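Enquirer: fold the following.
(2 chains)
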Amino acid sequence: MINIKENEKLSVMNHSCAHLLAQAVKHLYPKALFWVGPVIEEGFYYDIDLGEDVIKEEDLAKIEKEMKKIAKDGKRIVREEISKEEALKRFSDDPYKIDLISRMDEDDTVISCYTQGDFTDLCRGPHVDSVKELKHFKLLKFSGAYWKGDAKNKMLQRIYGICFENEEDLNKHLEFLEEAKRRDHKKLGKELDLFMMSEYGPGFPFFLNKGMILRNELENFWYREHTKEGYEFIKTPIMLNKELWELSGHWYNYRENMYTSEIDERTFAVKPMNCPGGMLVYKNSLHSYKDLPLRIGELGQVHRHEASGALNGLFRVRTFTQDDAHIFMREDQIEEEVINLISFIDRMYSIFGLTYDIELSTRPEEKYIGDIEIWNKSEKALEDACHKAGHDCKINPGDGAFYGPKLDFHIKDSLGRVWQCGTIQLDMNLPERFDLTYIDSDGSKKRPVMLHRVIYGSIERFIGILIEHYAGAFPFWLAPTQLVVIPVNPEIHGEYAKELTEKLKELNIRVELDDRNEKLGYRMREAQTSKIPYSIIIGDKEMEEHSISYRKFGEQGTTTVSEEEFINFVTDKINNKTL
RNA sequence: GCCGAAAUAGCUCAAUUGGUAGAGCAACUGAUUUGUAAUCAGUAGGUUACGGGUUCAAGUCCUGUUUUCGGCACCA
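Expert: Next up, the predicted model:
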């Protein structure tokens, strides 16, 4: 996937293309008013006020046709610098431009306009020299979008498009979009019987048997790796009473997203986060400075009432399992702990062939708690740890949580798409609210520092990402069905194939026998469409030699090895989690 | 929640201006005995998401609801 924003030339072209789009829209909808048309990673868009008019599917083609016409005409794009006064005058009948201009500082900003033929737009530029240069573009989608990105404002119409230097690149991008559609986890989840949705529970996914195998493998892997890293594990209740949520602050900050219920005339809430329960566990016993860092993990199922329009397959659901952990430690342990954590997360992601970038989100401008000094120290600790772990650390100013700064892990899948999964958050709020303490070496009570962290983020979302990352063809250790044994002639080879299947089952391999009365080609096709990693064919030759002929998913032809070699081959895959 | 679109058999999709809901795959039955992506024949399968309305007649038109999809806003 090409990031348009990071490519200077494409960035300028896409920006000019946004103007071309606006000009075409103006031709077709003379009353149209324009807000902004920026370049984004996936191309460009323009937010437009069409008054009573609404863009429809078929209009996109019309607009695109008009754009081609204008581009062919080949008008030059001319820059002009004007004063604020002149700008206000020139755009006096356009409330959107007035809004933009009046917020510009005359001393610092040069106000510039770009004109192409009969169309002028306020813009900082730069642009290509002529609309003639814009040939290889496509309008992709449209939707409503709040003015200034604020849900309180009215909705404008947004049209998205993308522009390339040549037809080949454009086609490559369209092919990428097709590929992404083929890999859609909602589609593959249905085809591969991994999970289902029901009208009776919008946003509450049902995991089917095959999806449960994925889940269980991911959870087992998680428990094993966390045990190695010195974690202990807990499970806290799904529902806790209102007083706890008042204490944690969720009742005031997160109430809208919480499911509540009256029980024995008291209010209970289903947990939207695991931390308050974790705090209670910490407080359940006394802690010595010698026990820190204390790492307490919980695969905790949370429920959040997400807006209906936000729901999206497994990516955005109303109940999900966080692979949560809370780490309690002394202040002087932050850096070392975070360094360890980063290398731990690195190890976890590399198993899946996922690369990632780390971003540091710092103190919000206004809404934050605690001393600025502690914030600065914490931010520095996270950043240093990140560098010492050998990673770049992009700063995301003001994007931290109100209770502390955080490191976010943005993973990149096999199509180059970026997802936010892991996060390490420093919390200066909850230890205070819950009055957490440990006994220091001098016998005094001290306040521990706390980290929240997740690696998968949400098991549901992570499974969604993995489905798309692998296009449903999971590595051997994760595949719901790992092997299928196909006797060439079930009447002749069926019994032997069955024995082999049982033998493999005893080794804890997820193997199925396909001895149906169907042609080999038919059963092989099914094995391939269900993306089973290896298909074993048993015929006369294999029976005689006691050998195994296997075909790898997606490849043609078979490899024949001895039974022992094959068992070593697959157990090695399971143990090392290799493809 | 907001803007737009959609919902027909288990799945993927047809059904002309309103005029008898249909196909392929899957399922089931039988024949076939198979060497690497679909053997043949037959059977069954539907309150067209749910409710209300217009009409002689509604999958089709109007309307309310639900759900899904693409975005926005929100977010793991």
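Enquirer: helices along the stretch 151-300 of chain A, start to end?
Expert: With helices called from DSSP state H, counting those that start in this stretch, the stretch 151-300 of chain A shows them at A:167-183, A:185-191, A:209-228, A:242-248, A:250-253, A:275-283.
Enquirer: of the ones you listed, which is nearest RNA strand B?
Expert: Of all the helices of the stretch 151-300 of chain A, helix A:185-191 sits nearest to RNA strand B, with 5.0 Å by Cβ to the nearest atom of the strand. The way it works is simple: take the backbone N, C-alpha and C, and place the C-beta from them, glycine included.
Enquirer: which strands and helices lie in contact with the closest one?
Expert: Under the contact definition 3 or more Cβ pairs under 8 Å, 6 or more residues apart in numbering; DSSP states H and E, helix A:185-191 sits against strand A:195-196, helix A:459-469.
Enquirer: out of the helices of the stretch 151-300 of chain A, deepest packed?
Expert: Stretch with highest mean neighbour count among the helices of the stretch 151-300 of chain A: helix A:275-283 (a mean of 20; mean count of other Cβ atoms under 10 Å).
Enquirer: pLDDT score for A:Asp108?
Expert: Looking at A:Asp108, its pLDDT stands at 64.
Enquirer: show me what contacts whatever residue of the stretch 51-200 of chain A ends up closest to RNA strand B?
Expert: When scored by Cβ to the nearest atom of the strand, the stretch 51-200 of chain A has A:Gly144 as its residue closest to RNA strand B, at 2.8 Å. Taking Cβ atoms under 8 Å, 6 or more residues apart in numbering as the contact definition, A:Gly144 lies against A:155-158.
Enquirer: what of A:Gly125?
Expert: Residues near A:Gly125 by Cβ under 8 Å, 6+ apart: A:15, A:79, A:112, A:114.
Enquirer: so what strands line up beside the strand or helix carrying A:Ile358?
Expert: Using DSSP states H and E, A:Ile358 sits within strand A:355-361. Partners of strand A:355-361 in the sheet, by DSSP bridges, are strand A:394-396 (parallel), strand A:406-412 (antiparallel).
Enquirer: following it, which helix or strand shows up next?
Expert: Assigned by DSSP H and E, the successor of strand A:355-361 is helix A:372-388.
Enquirer: so what does that following helix touch, helix or strand wise?
Expert: helix A:334-351, strand A:355-361, strand A:406-412, strand A:418-427.
Enquirer: re earlier: tell me which element the residue of the stretch 51-200 of chain A closest to RNA strand B falls in.
Expert: A:Gly144 belongs to strand A:136-146, assigned by DSSP H and E.
Enquirer: by how many degrees do that strand and helix A:167-183 diverge?
Expert: With axes from the mean of the first three to the mean of the last three Cα atoms, to 10 degrees applied, the angle from strand A:136-146 to helix A:167-183 works out at 50 degrees.
Enquirer: partners of the closest residue to A:Leu341 other than its chain neighbours in the sheet?
Expert: Counting by Cβ to Cβ, 6 or more residues apart in numbering, A:Leu341 lies nearest to A:Ile424, which is 5.8 Å off, once chain neighbours are set aside. Note on A:Ile424: beta-bridge partners by DSSP bridges are A:Leu407, A:Arg453.
Enquirer: ok, now which ones touch the spatially closest residue to A:Phe207 that is not a sequence neighbour?
Expert: Of all residues not flanking A:Phe207 in the chain, A:Phe195 sits nearest, at 5.1 Å (Cβ to Cβ, 6+ apart). A:Phe195 makes contact with A:189, A:205-208, A:211, A:314, A:463, according to Cβ under 8 Å, 6+ apart.
Enquirer: neighbours of the residue nearest to A:Leu341, how many?
Expert: A:Ile424 has 25 neighbouring residues, counting by other Cβ atoms under 10 Å.
Enquirer: partner residues bridging the nearest residue to A:Lys394 once chain neighbours are set aside?
Expert: Among residues not flanking A:Lys394 along the chain, A:Glu359 sits closest, at 4.7 Å (Cβ to Cβ, 6+ apart). Taking DSSP bridges as the rule, A:Glu359 bridges to A:Lys394, A:Asp408.
Enquirer: and A:Glu359, what does it touch?
Expert: Shown in contact with A:Glu359 (Cβ under 8 Å, 6+ apart): A:393-396, A:407-408, A:410.
Enquirer: which of those tops the neighbour count?
Expert: Taking other Cβ under 10 Å as the neighbour criterion, A:Leu407 ranks highest of the contacts of A:Glu359 with 26 neighbours.
Enquirer: touching, it and A:Cys386? I think so.
Expert: Yes: using Cβ atoms under 8 Å, A:Leu407 and A:Cys386 qualify as a contacting pair, with a distance of 6.3 Å.
Enquirer: overlap in contacts of those two?
Expert: In contact with both A:Leu407 and A:Cys386: A:338, A:342, A:358, A:360, A:393, using Cβ under 8 Å, 6+ apart.
Enquirer: for A:Glu468, list the residues it contacts.
Expert: Contacts of A:Glu468 (Cβ under 8 Å, 6+ apart): A:180, A:183-185, A:188, A:413, A:415, A:417.
Enquirer: I'd like the distance between the nearest residue to A:Tyr403 once chain neighbours are set aside and A:Gly404.
Expert: Excluding the flanking residues, the one nearest A:Tyr403 by Cβ to Cβ, 6+ apart is A:Asn429, at 3.5 Å. With distances taken as Cβ to Cβ, to the nearest Å, A:Asn429 is found 7 Å from A:Gly404.
Enquirer: ok, A:Ile111 next?
Expert: Counting by Cβ to Cβ, the gap from A:Ile111 to A:Gly404 is 41 Å.
Enquirer: between the two, who's got more neighbours?
Expert: Shown here are A:Ile111 and A:Gly404; by other Cβ under 10 Å, A:Gly404 has more neighbours (26 against 21).
Enquirer: what are the phi and psi values at that one?
Expert: phi 170, psi 160 (degrees, to the nearest 10).
Enquirer: and it, what does it touch?
Expert: So A:Gly404 contacts A:370, A:375, A:378, A:425-429 (Cβ under 8 Å, 6+ apart).
Enquirer: name the residues linked to whichever residue of the stretch 351-500 of chain A sits closest to RNA strand B by a beta bridge.
Expert: In the stretch 351-500 of chain A, the residue that lies nearest RNA strand B is A:Ser458 (3.3 Å; Cβ to the nearest atom of the strand). Counting by DSSP bridges, A:Ser458 forms beta bridges with A:Gln322.
Enquirer: check contacts around it.
Expert: Here A:Ser458 is in contact with A:317, A:320-323 (Cβ under 8 Å, 6+ apart).
Enquirer: show me which residues of the stretch 101-250 of chain A are close to RNA strand B?
Expert: Residues of the stretch 101-250 of chain A lying close to RNA strand B by Cβ under 7 Å from any atom of the strand are A:141, A:143-146, A:149-151, A:155, A:157-158, A:184, A:186, A:190, A:197, A:199, A:202-203.
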